[in-house]
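In: Could you look at this predicted model? Sequence included:
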Amino acid sequence: MNKSVFFLLAAATVVAASSCSRNRKDADMAAEVMTVDVAFPVQDSVVLRKSYPGHLSADHEIQLVARVDGYLVSQDYTAGDFVRKGTVLFRIEDRNYRDAVSKAQAALATAEAENKYAASRYEAMTEAFKSDAVSEMEVIQARSNLEQSEANIKTARAALQTAQTQLSYCTVTAPQDGHMSNSPYTTGSYLSGAGSPVVLASLYNDAKVTANFNIEDATYLADLRKAIEESRIDFDNIPVSFTDTLQHEYTAKLSYTDPHVSTSTGTMLFQASIQNPYGELRSGMYVVMDIPYGIDPDAILVKDASIGTDQLGKYLYVLNDSNKVVYTPIEVGQTYQDTLRIVTKGIKAGDRYVTKALLKVRDGMTVKPNVVK
């Protein structure tokens, strides 16, 4: 074979091999471009909220007291029981008070009998005076005895009422419906309630409870008070959450705002009422209030799971026009509908952000976007 022809064939072979190698490399590089899910931020009107901790208190809390001296005979409930108005809760030894009532009744009967006699005598003296059978002084004395007997009746009736009231104190009943607390006293304990009332237990009417919380943020307070004054936001259905796991969900209605800021704490007291139809809510429970304070009509929302966190703070992986991943620091606000998060700074509505494979992508990496909703 001619040497020149051989040389040309060899050169052609090398060029062809080189071209195939480049084509394979380009194909491999194309195959290495990762497909990632991306999404556009959602833009929506969102009620802005801020969470504040607080505690619950019963709508009415009454301390049940012993107002007489005596031994505690019985406690007729179990701590935590729901009791109805009028239910007997405690009984205190009443023998001395029953005796006092009996004596007062006897004293009243005696006073009434003496009054009856005094009235008859006065009537007789008056008739006798008309025929000069008795002196005027005797008539005056008879009238005085009648008036004294009438006063004695009033005194005896008052004494009987006092004795009966004291006797009634020996039986402590529920003044309203509610849940009972435990009592520090057991059956057989001696109670000295006559001198100073002794607290036996507390009764909580918790058909409706009050959430108490304080707000210290001056800027937030200004926004909140403005929202309340303008009635721009629904304060009748405030979301609440509890540390305890409950079977039902609850909302609160804003019922009170303190008219001034405390000079000692710099906070303002707020209260909200919560209906408690299932009896799950108890006085003293910890509660978190998600208080609305404004509306963002054009909030930027992204999937909360797409947001990463590092030493610099929160970030998103955003794609540029060349489909390259760009590490983008962001500032965030509250969650929305459980899965979305407000982004207050860092991205705009038309940006594409990576929603999955956050551990596989990196800044500057070229990817193939798959737009998802």
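Out: That came through fine.
In: Give the other helices and strands that the longest helix along the chain contacts.
Out: Selection of the longest helix in the chain by residue count, based on DSSP state H, yields helix 95-130. Under the contact definition 3 or more CB pairs under 8 Å, 6 or more residues apart in numbering; DSSP states H and E, helix 95-130 sits against helix 136-168. Every C-beta, even on glycine, is put in place using the N, C-alpha and C of the backbone.
In: C-terminal to the helix it packs on, what's the next element?
Out: strand 171-173 (DSSP states H and E).
In: For that next one, which residues meet the burial criterion?
Out: By 16 or more other CB atoms under 10 Å, the buried positions in strand 171-173 come out as Val172.
In: From the contact counts, what lies against it?
Out: Applying 3+ CB pairs under 8 Å, 6+ apart, we find strand 171-173 packed against strand 42-66, strand 88-92.
In: Tell me which of the ones you listed lies nearest to Ser181.
Out: strand 42-66 (9.0 Å; CB to CB).
In: Sheet partners, orientation included, of the closest one?
Out: Strand 42-66 pairs in its sheet with strand 198-215 (antiparallel), strand 286-303 (antiparallel), by DSSP bridges.
In: most neighbours per residue, which of these?
Out: With neighbours defined as mean count of other CB atoms under 10 Å, those peak in mean count at strand 198-215, which reaches a mean of 20.
In: Chain neighbours aside, what residue packs nearest to Val288?
Out: Ser241 (4.8 Å; CB to CB, 6 or more residues apart in numbering).
In: Would you point out which residue is most central in the protein?
Out: Ala211 (3.2 Å; CA atoms, centre = their mean).
In: contacting residues for the closest residue to that residue other than its chain neighbours?
Out: Excluding the flanking residues, the one nearest Ala211 by CB to CB, 6+ apart is Ala272, at 4.6 Å. Ala272 makes contact with Thr210, Ala211, Phe213, Ile238, Val240, Ala252, Lys253, Leu254, Ser255, Met289, according to CB atoms under 8 Å, 6 or more residues apart in numbering.
In: Between the residues you listed, which sits nearest Leu224?
Out: Taking those together and measuring to Leu224 by CB to CB, the closest member is Leu254, at 9.7 Å.
In: check which helix or strand covers that closest one.
Out: Assigned by DSSP H and E, Leu254 falls in strand 251-257.
In: Which helix or strand lies directly C-terminal to that strand?
Out: Next along from strand 251-257, by DSSP H and E: strand 268-275.
In: partner residues bridging the residue nearest to Ala211?
Out: Going by DSSP bridges, Ala272 forms beta bridges with Ala211, Leu254.
In: How much space separates it from Asn237?
Out: Applying CB to CB, to the nearest Å, the value for Ala272 to Asn237 is 10 Å.
In: Check Val46 too.
Out: 16 Å.
In: Quick check on those two: which one has the bigger neighbour count.
Out: Val46 (21 against 11; other CB atoms under 10 Å).
In: Excluding chain neighbours, give the residue nearest to Ile84 in space.
Out: That one is not Ile; residue 84 is Arg. Counting by CB to CB, 6+ apart, the residue nearest Arg84 is Asp177, at 5.5 Å.
In: so who does the one you found touch?
Out: Phe82, Val83, Arg84, Lys85, Asn205, Ala207.
In: wait, doesn't the fourth one sit right on Ala174?
Out: So that's Lys85. Yes - at 5.5 Å, Lys85 counts as touching Ala174 under the criterion of CB atoms under 8 Å.
In: more crowded one of the two?
Out: Taking other CB under 10 Å, Lys85 and Ala174 do not tie; Ala174 has more neighbours (19 against 12).
In: Quick check: the more buried one touching Leu203?
Out: Yes - using CB under 8 Å as the test, Ala174 is close enough to Leu203 to be in contact (6.0 Å).
In: what do these two both touch?
Out: With CB under 8 Å, 6+ apart, Ala174 and Leu203 have common neighbours Val83, Met180.
In: Quick check: which element contains Ile342?
Out: Element membership of Ile342 [criterion: DSSP H and E] is strand 340-345.
In: Show residues contacting that strand.
Out: 41-42, 46, 296, 299-304, 307, 316, 330-336.
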